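*Asks:* okay, predicted coordinates and the sequence, questions at the end:
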Amino acid sequence: MSLFLLKRLGAALLAMWVMSLLVFTGVFAIGNPIDVLINPAADQRIIAETIARYGFDQPLWVQYLRFLNGLLHGDFGRSFVFNEPALALIAQKLPATLELALTAMLIAVVLGLPLGLYAGLRPKDLPAQGIMAASIFGFSLPTFWVGLMLILVFSVELGWLPSGGRGETVVVFGIECSFLTVDGLYHLILPATNLALFKLSLIIRLTRAGIRETMLQDYVKFARAKGVKPARIVVVHALRNILIPIVTVIGLEFGSVVAFAVVTETIFSWPGMGRLIIESIQTLDRPVMVAYLMLVVAMFILINLSVDVLNTLLDPRLRHR
């Protein structure tokens, strides 16, 4: 197990280094932040001093080494716009995005697994066919359109739920949480539902396909012949075998929910990282853009590592691959 972890950790570090190259190259090739930092009408002396202060006059390889040294020390630079450490700005917005993403994935998993199991075990039933038809809509409908329709129906027409914002929050261990208040929960329902629909459809279809294939395997037929109860066959024998691909997909999809919650956060005015990164792109705030991208990369790598470890617990044979 220790050798397996060392291999995965080495691969994770290599991936981080490669991504640091890609992020640096991509971000620093975009626009000229000097146009944002100072007035274009400023004289050449002020422009030259500003360029030298931020190191933009250095060769790209020197700038990259400074950038890499900052990453190793947790220093992503100061925001050009807010004049605050970029990592601190991201950290202020991260709890709101994580809260939204965790709630969306919880909805997708809690509803997706049982619905997918039912659709796979009883594929000819009318409710099962309805579940699969609804999952197609979950895949097909654009997130922004669904969000607007949710606001129109539940906020404008029915007036049941608020259309935007985070609502009332409470501070727990220095972190603002909205799901611990009634008002916060009301504000969380619509954006979390909007963000969960695509993932819910994915888990339903993945679970259905997995359970239908597994129930045809020889060990399931043998368990039936031995007189094992159907519920035990599903939970103990079938479900455990289909959990490996499902856990892998859930892990990766959680990372994508955090990284690409921009549309939902914008529609519902949710004060998370998505809105911050859009503003940073518009103003060429490079330190914030880099901090966001590297945080997302690190999160994906950490999730992949966690999924690998969890899969080895479900199937120990994977440790030797």
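*Replies:* Done, it's in.

*Asks:* Asn241 reaches Glu213, doesn't it?
*Replies:* No: contact criterion CB atoms under 8 Å: Asn241 and Glu213 do not qualify, at 9.4 Å. From N, CA and C alone the C-beta is placed, and that goes for glycine too.

*Asks:* the more surrounded of the two?
*Replies:* Asn241 (17 against 13; other CB atoms under 10 Å).

*Asks:* packing partners of the helix or strand that contains that one?
*Replies:* Asn241 is part of helix 239-259 when elements are defined by DSSP states H and E. Judged by 3 or more CB pairs under 8 Å, 6 or more residues apart in numbering; DSSP states H and E, helix 239-259 is in contact with helix 86-121, helix 182-214, helix 286-314.

*Asks:* which other helices and strands does the following helix or strand past it contact?
*Replies:* Following helix 239-259 in sequence order, the next helix or strand is helix 262-267 (DSSP H and E). On a contact count with 3+ CB pairs under 8 Å, 6+ apart, helix 262-267 meets helix 86-121, helix 143-150, helix 182-214, helix 273-282.

*Asks:* now the most centrally placed residue in the chain. Nearest residue, chain neighbours left out?
*Replies:* Centrality entry for the chain: nearest residue to the mean C-alpha point is Val258, 2.5 Å, by CA atoms, centre = their mean. Counting by CB to CB, 6 or more residues apart in numbering, Val258 lies nearest to Ala101, which is 4.6 Å off, once chain neighbours are set aside.

*Asks:* I figured the one you found hits Phe254, correct?
*Replies:* Yes: in terms of CB under 8 Å, Ala101 counts as a neighbour of Phe254; the distance is 6.4 Å.

*Asks:* the more surrounded of the two?
*Replies:* Ala101 (26 against 22).

*Asks:* what sits against the residue nearest to the centre of the chain?
*Replies:* Applying CB atoms under 8 Å, 6 or more residues apart in numbering to Val258 gives the contacts 97-98, 101, 273, 296, 299.

*Asks:* list phi and psi for Val172.
*Replies:* Per-residue torsions, Val172: phi -120, psi 120 (degrees, to the nearest 10).

*Asks:* how deep is it tucked in, by neighbour count?
*Replies:* 10.

*Asks:* just give the nearest non-adjacent residue to it, would you?
*Replies:* Excluding the flanking residues, the one nearest Val172 by CB to CB, 6+ apart is Leu180, at 7.0 Å.

*Asks:* and the one you found, how many neighbours?
*Replies:* 14.

*Asks:* part of a strand, is it?
*Replies:* No: counting by DSSP: H, G, I helix; E, B strand; the rest coil, Leu180 is not part of a strand but coil.

*Asks:* my read: it touches Val170, true?
*Replies:* Yes: counting by CB under 8 Å, Val170 is a contact partner of Leu180 at 5.1 Å.

*Asks:* so what pLDDT did Leu200 get?
*Replies:* For Leu200, the pLDDT comes out at 88.

*Asks:* my read is that it contacts Gly112, right?
*Replies:* Yes: the pair formed by Leu200 and Gly112 meets the contact definition of CB under 8 Å, at 5.0 Å.

*Asks:* before we move on, the earlier item: show me the least confident stretch of the helices and strands packed on helix 239-259, going by mean pLDDT.
*Replies:* Among the helices and strands packed on helix 239-259, helix 286-314 scores lowest, with a mean of 77.

*Asks:* now that helix and helix 273-282, what's the angle there?
*Replies:* Relative orientation of helix 286-314 and helix 273-282, computed by axes from the mean of the first three to the mean of the last three CA atoms, to 10 degrees: 140 degrees.
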